[in-house]
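Peer 1: quick one, fold the following:
(2 chains)
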2 protein chains.
Amino acid sequence: MKITIAQLNFHIGNFEGNLELMKKAIATARSEGSDLICFSELATCGYPPRDFLEFRDFIRRSMTVIQALTELSDDLAIVVGAPTVNPEIEGKDLFNSAFFLYQKKVQHIAHKALLPNYDIFDEYRYFEPAKEFKTIPFKGKKIALTICEDIWNLGNENPMYTVCPLDEMIAEKPDLILNLSASPFDYVHAHDRIEVIRANVQKYKIPLFYVNSYGAQTEIIFDGGSIVMSPDGQLFDELAYFKEEIKTYDLDTVIAGGQQHEQRKEKIDLIYRALVLGIKDYFSKMNLKQAILGLSGGIDSALTAVLAADALGPENVMGLLMPSQFSSSGSVTDAEELVRNLGIKHEIIPIKEINESYLKQLHPFFKDLAFNVTEENIQARIRGMLLMAFSNKFSYILLNTTNKSEMAVGYGTMYGDLCGGIAVLADVYKTQVYELAEYINRTKIRIPLNTIHKAPSAELRPGQKDSDSLPEYSILDQILLQYIEFRKGPTELVEMGFEQSLVDRILRLVNKAEFKRYQSPPVLRISTKAFGSGRRMPIEAKYLY
Amino acid sequence: MKITIAQLNFHIGNFEGNLELMKKAIATARSEGSDLICFSELATCGYPPRDFLEFRDFIRRSMTVIQALTELSDDLAIVVGAPTVNPEIEGKDLFNSAFFLYQKKVQHIAHKALLPNYDIFDEYRYFEPAKEFKTIPFKGKKIALTICEDIWNLGNENPMYTVCPLDEMIAEKPDLILNLSASPFDYVHAHDRIEVIRANVQKYKIPLFYVNSYGAQTEIIFDGGSIVMSPDGQLFDELAYFKEEIKTYDLDTVIAGGQQHEQRKEKIDLIYRALVLGIKDYFSKMNLKQAILGLSGGIDSALTAVLAADALGPENVMGLLMPSQFSSSGSVTDAEELVRNLGIKHEIIPIKEINESYLKQLHPFFKDLAFNVTEENIQARIRGMLLMAFSNKFSYILLNTTNKSEMAVGYGTMYGDLCGGIAVLADVYKTQVYELAEYINRTKIRIPLNTIHKAPSAELRPGQKDSDSLPEYSILDQILLQYIEFRKGPTELVEMGFEQSLVDRILRLVNKAEFKRYQSPPVLRISTKAFGSGRRMPIEAKYLY
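Peer 2: Numbers count the residues shown, from 1 in each chain, chains lettered A, B, ... in the order given. Okay, here's the model as predicted:
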């Protein structure tokens, strides 16, 4: 028996587009003599469809895709994820389901039992969990069909679930496990995924075909990396990261095993590729072409420019240089060097005159009050406005260049440097920004060395440095990582050896900045805990500040 | 037996403050000779604590409040909601619990079984549902202790749950039901709540004491309206809306029944009071005092100014008038009349010069390209920046004045009129804005009649009217209500009699504007479906556009 894995990039709500993608993959599978093709979780409608699931029209349109696929399933079985209506009156209205289509009929519908409802996931919001589990007979074999999280309740120290679907099906002696996933990238996930799949294969002693989607859905990036694992626990194949792949496997060869093919997993390389795909898909799925960003001569904007140029082509990237009287001379020359290195477009607009016109209009009210954060913010906001003016006039989309360390402690101006359609680096700590810059420059210096080596500064007042108001990033990022990614509280942080007053100060800054993050652009997610839908915090709380 | 209901305004994460509130209520209960005082759901930490629940430190601090209350429970039983740790390895880490404290001991801990996970609710994200149900013996009576949603699986046509906690407990013949809630306001909720409680009382034939919290937690407004219902199905008492109340009842008198005391429920009056409380608590819980807003002479900003003046006192409200060359003469005179009517502060800053300085700097790039939305947005953004400059310099918080109709179709400028710390009217349709203005003016004309009667306009280009680019609000709002609140899709809307092309156009506008709403301020929630955490939509989707 031949089984085809189709690792595709679906688009939420684009039913026609998704069907076209699947039709092409079906043609490929046929040409390779496949018996069964398997698409990923909720492939008809894209993942995560969020509250569109509450619209009957949305479910109906998804079902027309299922009908079209059913017609195509004469001699080729098609396994595909889609939402289905729960026929029972009690419980949630939908199931997260997998259709098994063959001989132009729906042969079986399996429902997902383990519904992730943490971090970015909200599946209990929409779906009723499966309560029945049956294998599917196909060409003399029995298939245990599962969906994503269904195979994740194995080998965890602190399991979130009290059932295990494969334990229910194993009595029927299935010959293989199929798993349809929409499992998002973070820079530690690929390893965890292989270990979970291995735990299943070693427990049940049958091969597992794991089909993931790839592609970015605004902030959430799916990395692909679909897996075929032999009963010997070896990685028979791991599909590419961050790109389409359609591959066909002979089941007996997979069962025989003895093959090990794993993708390269260098953390910084994966982060780079995730961010490039995140930008690329944001633009392509929104039907946009050109990006704009402010170039300050600093490392965050330089790195963002590189990622944008690599994602969209340098000809589609515009850098705006907006020096003020507080800008260092390097601010323009470093940015110009970057522009030359990348071959992107650029323009220069000094903000001095506009700044003066604000200060003049405000003088009757501000009088002789001292220069403070107000005047700093005015500069940042003038830059945001000029970028948005270019965006509006020439259909550029503004890329936000804020990094995660800044976003965490609120070191940024709302409606100023916090503007943008998508925040490219806001899940990348400052120390990781440096690592990425070094990675970028490995083969060829594209980010000017002066940009990398100078002390970080917002350049909003004379001689300003980030280190005037923030601890060194090497310390700051360690505390932030523990607080944000690992949810360590003040007591635990002090026990880990961080200084009490520093911990208190940083946690207070993070919690206080919640109102800023609430209005920030969506953040490309590369870690296990990104700002945005995966981290839900009250604004008005009085906790740790 | 005497039972005290304490309807209080808790503050998320403010453990000391919440304990102080409870101590005062306990003193009141003692002075009234009460046997049992009941606080609301998650009273120790405030509701909704969101991802703070994932911090052990947060749970520990909540437990110190429980310990302090336990010490106070010698001769008075204290019933209080708090998160507890799930001792089992499998399942979610926490329960949403109610402590029954008496004689300085924890006598019983009940867990919530029905965990809302829709709209603004995310309880499956944190909590494991209860599986065991037991009544609590107290002074010769048996109490069925339930938490919020636990009593809501009754009398629904389409129940979301498959269990019913009271059905499990009723075999033990309880004498009364206690329900600890944190049930947010929307303008139809009060009626639904009474009906659900009545369905329980009529089914089980015992009295029900329903304790709700009141107060706003950023966007979510709790209205109080706690209920005591007699076994005869009559509303023995309904506590006040939107304010603190601590009331003690004699159980035998409640059981005897024959009393009916219901609060006034005029929809527009409830909306008004909800919005005033929303503003008031946003400021008090963030430890802020003064609000600023732009006054355009239009009805949205006028209404917001009234609500702010009523919430914070007119002396704490500053209106900024920022006319341009496109502003009608009424824009300033109507706003000045409003300022006089309310007694708020105001300043005037024309935006002409700043606008010209932008256009001058942009001219080398824009050249002779026609005036379009770019130049409109520049004006809106200059106003946003001036408001933020005042906000930064004088510690005002900017109130956003966008209404729900505009927010829905994206009729607003990001980083311009969409700025603000909190969006006061963004859950109020334009037609409801007029109703509220009329309500405000019932006793005394505070909103100038010219402001109410002139045609709505953004005044960003010569002679502009909202009706140039939008359908009449009376039609628009009907379609929006069906699409947003009732999730009717295009087919259903056309079946309801709306014109196909209009439906397509409006739904497209709403879906396209998702990227704007993502970065908008939190929205005071008064309807069953407000923008924000209760409505989660993909940005990048291609559905209906």
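
Peer 1: wasn't A:Ile143 part of a strand?
Peer 2: Yes - the assignment for A:Ile143 (DSSP: H, G, I helix; E, B strand; the rest coil) places it in a strand.

Peer 1: next one: the residue nearest to it when sequence neighbours are not counted from B:Glu172, what distance?
Peer 2: Residue nearest to A:Ile143 in three dimensions, not counting chain neighbours: A:Ile136, with 4.6 Å by CB to CB, 6 or more residues apart in numbering or on different chains. The way it works is simple: take the backbone N, C-alpha and C, and place the C-beta from them, glycine included. Remark: distance between A:Ile136 and B:Glu172 (CB to CB, to the nearest Å) = 45 Å.

Peer 1: what of A:Glu195?
Peer 2: 47 Å.

Peer 1: what do you get for A:Asn355?
Peer 2: On the measure of CB to CB, A:Asn355 and B:Glu172 end up 73 Å apart.

Peer 1: compare the two (neighbour count), which wins?
Peer 2: A:Asn355 (17 against 13; other CB atoms under 10 Å in any protein chain shown).

Peer 1: check the secondary structure at that one for me.
Peer 2: A:Asn355 - assigned by three-state DSSP - is helix.

Peer 1: wait, it sits on A:Ile382?
Peer 2: Yes - if you go by CB atoms under 8 Å, A:Asn355 and A:Ile382 touch, sitting 6.0 Å apart.

Peer 1: OK, contacts around A:Lys2?
Peer 2: Going by CB atoms under 8 Å, 6 or more residues apart in numbering or on different chains, A:Lys2 touches A:32-36, A:248-251.

Peer 1: reformat those residues as TSV; add secondary structure and distance to chain B.
Peer 2: Compiled in TSV, the contacts of A:Lys2 are given as follows (DSSP: H, G, I helix; E, B strand; the rest coil; distance: CB to the nearest CB, whole Å):
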residue	secondary structure	distance to chain B
A:Glu32	coil	30
A:Gly33	coil	34
A:Ser34	coil	29
A:Asp35	coil	33
A:Leu36	strand	29
A:Thr248	strand	30
A:Tyr249	strand	32
A:Asp250	strand	37
A:Leu251	helix	34
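
Peer 1: who's in contact with the closest residue to A:Asp150 other than its chain neighbours?
Peer 2: Excluding the flanking residues, the one nearest A:Asp150 by CB to CB, 6+ apart is A:Pro165, at 4.6 Å. By CB under 8 Å, 6+ apart, the contact list for A:Pro165 reads A:113-114, A:130, A:133, A:146, A:150-151.

Peer 1: one more: A:Glu375?
Peer 2: Going by CB under 8 Å, 6+ apart, the list of residues near A:Glu375 reads A:359, A:460-461.

Peer 1: can you select the buried ones from the contacts of A:Lys2 in PyMOL?
Peer 2: Selection of buried members from the contacts of A:Lys2 for PyMOL, criterion 16 or more other CB atoms under 10 Å in any protein chain shown:
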select buried, chain A and resi 34+35+36+248+249+251
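
Peer 1: list the buried residues of the lowest-mean-pLDDT helix or strand in chain A.
Peer 2: Of all the helices and strands that make up chain A, helix A:466-469 has the lowest average by mean pLDDT, DSSP states H and E, namely a mean of 84. The neighbour-count criterion (16+ other CB under 10 Å) identifies A:Asp466 as the buried residues of helix A:466-469.

Peer 1: is chain B within reach of that helix?
Peer 2: No - remark: helix A:466-469 sits outside contact range of chain B, by CB under 8 Å from any CB of the partner chain, the gap being at least 15.7 Å.

Peer 1: what's the following helix or strand after that helix?
Peer 2: helix A:473-480 (DSSP states H and E).

Peer 1: okay, the residue nearest to A:Ile143: pLDDT?
Peer 2: Note for A:Ile136: predicted pLDDT of 98.

Peer 1: surely it and A:Thr146 touch.
Peer 2: No - using CB under 8 Å as the test, A:Ile136 is too far from A:Thr146 to be in contact (11.2 Å).

Peer 1: what touches both of the two?
Peer 2: With CB under 8 Å, 6+ apart as the test, A:Ile136 and A:Thr146 both reach A:Ala110.

Peer 1: compare the two (neighbour count), which wins?
Peer 2: A:Thr146 (27 against 22).

Peer 1: show me the beta-bridge partners of that one.
Peer 2: A:Asn179 (DSSP bridges).

Peer 1: who are the neighbours in contact with whatever residue of the stretch 101-250 of chain A ends up closest to chain B?
Peer 2: Here the residue of the stretch 101-250 of chain A nearest chain B is A:Tyr124; by CB to the nearest CB that distance is 4.0 Å. A:Tyr124 sits next to A:92, A:115, A:117, B:117, B:124 when contact means CB under 8 Å, 6+ apart.

Peer 1: now with 10 Å?
Peer 2: By CB atoms under 10 Å, 6 or more residues apart in numbering or on different chains, the contact list for A:Tyr124 reads A:92, A:115-118, B:115, B:117-118, B:122-125.

Peer 1: so is A:Asp223 in a helix, a strand, or just coil?
Peer 2: Note that with three-state DSSP, the state of A:Asp223 is strand.
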